[in-house]
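# test case, fold it:
(one chain, ligands or ions: 1)
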Amino acid sequence: MEMNKFERPLRNRKLNVLINRLDIHFPAYQAIWEEFQRREAGYRGEKSVNYYLKGLSSGNHFIFHGLRLGINDVFFQIDKLIVTSRCIFAIEVKNRAGELHFDKSFNQLIVKNNDKVERRKNPVLQVQWQSEQLKYWLEKHHFPNVPIEFLFVNANDKAILSADPGYEIVFRRSCNSDCMLQKVNQFSRIYKEESLSPKDIRKLSRQLLNRHTPLDQNLLEEFHIPFNKIKTGAMCPNCGTIPMSYKHKIWTCANCGFKSSNAYLTILEDYFLLIKKSINNAEFKKFANLLSYQVAYRFLASADLASEGKCRGRTYHPK
Ligand SMILES: [Zn+2]
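Have a look, this model is predicted:
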């Protein structure tokens, strides 16, 4: 049973808007682009794993996607969490292409891809750490002691996994996505006793969802991007050109000729993701490249937003 909706992570959405709107010559552009590609691959990997998760007997497995929890301001994120009455599974998903080799001597992952060799964090140790954090978190919130198992799942069909001989933790706790359920069932069979009652599970589910804190950073601050490096105006949904021009109540793309009457909605969405969570008339007029306060007001009033204040001081924010 899925307990929360699987969604594209907020950071991916923010990076996407930033990639669209950032001046391509900005020094950090390449690094931002690479992070975006990496996170999108991760997102696709997690999405593909969902297909296999559907194979779990629905009533007894409670599945949580991408929970991010904190203990005293230290946060940990678990790609997939499966709660059952007998044990809990923490699953780390990676969608990395190439040859993935686990090196036992230094506990590291070595990735070979297109003649490039890189060291990456060992995902088995990563998910082990997450499961330890989860254990503290459960203790802190007075839940019964329940066994936590951890697994690394490779979601990339073309990646080849290997490990040094005798690297037991890796052999035991890694698999390709098509073998994930087998692993989960294998671990499940170890535990015969029920550690969580239906009431405990209900309470735990509520707490996990309530305390889930998605990563929400201001990317302009994080990458030290001045506002003038951000392209303003509507983005053409057809070819990506910014800005479209607004005339006679219609937005038109000078590059491909695409026309839109509601491009203001994506402008607002982009503003809330990239700049801040509220906007006033002057800010919207500037960000949408509009010439008139009246037109800006008309758009703001017709968007489905909550507002505060009156006249010039009025600010709008998503409901
Ligand atoms: Zn266009």
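# around the ion, pick out the residues from the stretch 201-319 of the chain.
Residues of the stretch 201-319 of the chain lying close to the ion by Cβ under 5 Å from the ion are 236, 238-239, 241, 253, 255-256, 258. Where you see a C-beta, it was placed from the backbone N, CA and C, and this is true even at glycine.
# how does it look with 8 Å?
236-241, 244, 253-258 (Cβ under 8 Å from the ion).
# list only buried entries from those.
236, 241, 244, 253, 258 (16 or more other Cβ atoms under 10 Å).
# select, from these, the two members most distant in space.
Thr241 and Phe258 (8.7 Å; Cβ to Cβ).
# mind giving me the domain ranges of this protein?
The chain resolves into domains spanning 10-211, 231-318 when parsed by automatic domain parsing.
# out of the ones you listed, which is closest to Glu222?
domain 10-211 (9.5 Å).
# now the closest one, how far from the centre of its chain.
12 Å (Cα atoms, centre = their mean, to the nearest Å).
# report the buried residues of the helix ranked longest in the chain.
The longest helix of the chain (DSSP state H) is helix 29-53. Under the neighbour-count criterion of 16+ other Cβ under 10 Å, helix 29-53 has 29, 32, 35-36, 39-43, 45-46, 48-50, 52-53 buried.
# list the helices and strands it packs on?
helix 10-21, strand 62-71, strand 74-83, strand 88-94, helix 180-188 (3 or more Cβ pairs under 8 Å, 6 or more residues apart in numbering; DSSP states H and E).
# point out the most buried one among these.
strand 88-94 (a mean of 25; mean count of other Cβ atoms under 10 Å).
# that one - what's its average pLDDT?
Regarding strand 88-94, the rounded mean pLDDT is 98.
# give the partner strands of that strand in its sheet and their orientations.
As defined by DSSP bridges, the strand partners of strand 88-94 come to strand 74-83 (antiparallel), strand 148-154 (parallel).
# residues contacting it, please?
42, 45-46, 49, 78-82, 123-124, 126-127, 130-131, 134, 146-156, 177, 180, 184, 187 (Cβ atoms under 8 Å, 6 or more residues apart in numbering).
# that older thread, include distance to the ion when you put the helices and strands packed on helix 29-53 into a markdown table, please.
A markdown table is the format used below for these (distance: least, Cβ to the ion, whole Å):
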| stretch | distance to the ion |
| --- | --- |
| helix 10-21 | 13 |
| strand 62-71 | 33 |
| strand 74-83 | 36 |
| strand 88-94 | 35 |
| helix 180-188 | 42 |
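# mind putting these into a markdown table with distance to Val111?
Shown next, in a markdown table, are these (distance: least, Cβ to Cβ, whole Å):
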| stretch | distance to Val111 |
| --- | --- |
| helix 10-21 | 21 |
| strand 62-71 | 23 |
| strand 74-83 | 18 |
| strand 88-94 | 10 |
| helix 180-188 | 21 |
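# nearest to Arg298, of the ones you listed?
Nearest of the helices and strands packed on helix 29-53 (Cβ to Cβ): helix 10-21, 23.7 Å.
# tell me what the closest one is packed against?
helix 29-53, helix 219-222, helix 263-274.
# mean pLDDT added to these, as TSV?
Below are these laid out as TSV (pLDDT from 0 to 100):
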stretch	mean pLDDT
helix 29-53	96
helix 219-222	96
helix 263-274	95
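# quick one: those as a markdown table, columns for distance to Leu209 too.
Output for the helices and strands packed on helix 10-21, formatted as a markdown table (distance: least, Cβ to Cβ, whole Å):
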| stretch | distance to Leu209 |
| --- | --- |
| helix 29-53 | 17 |
| helix 219-222 | 26 |
| helix 263-274 | 23 |
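# helices of the stretch 151-300 of the chain, start to end?
168-173, 180-188, 198-211, 219-222, 263-274, 281-287, 293-302 (DSSP state H, counting those that start in this stretch).
# deepest of the ones you listed, which one?
helix 263-274 (a mean of 20).
# how much space separates Gln128 from Gln294?
59 Å (Cβ to Cβ, to the nearest Å).
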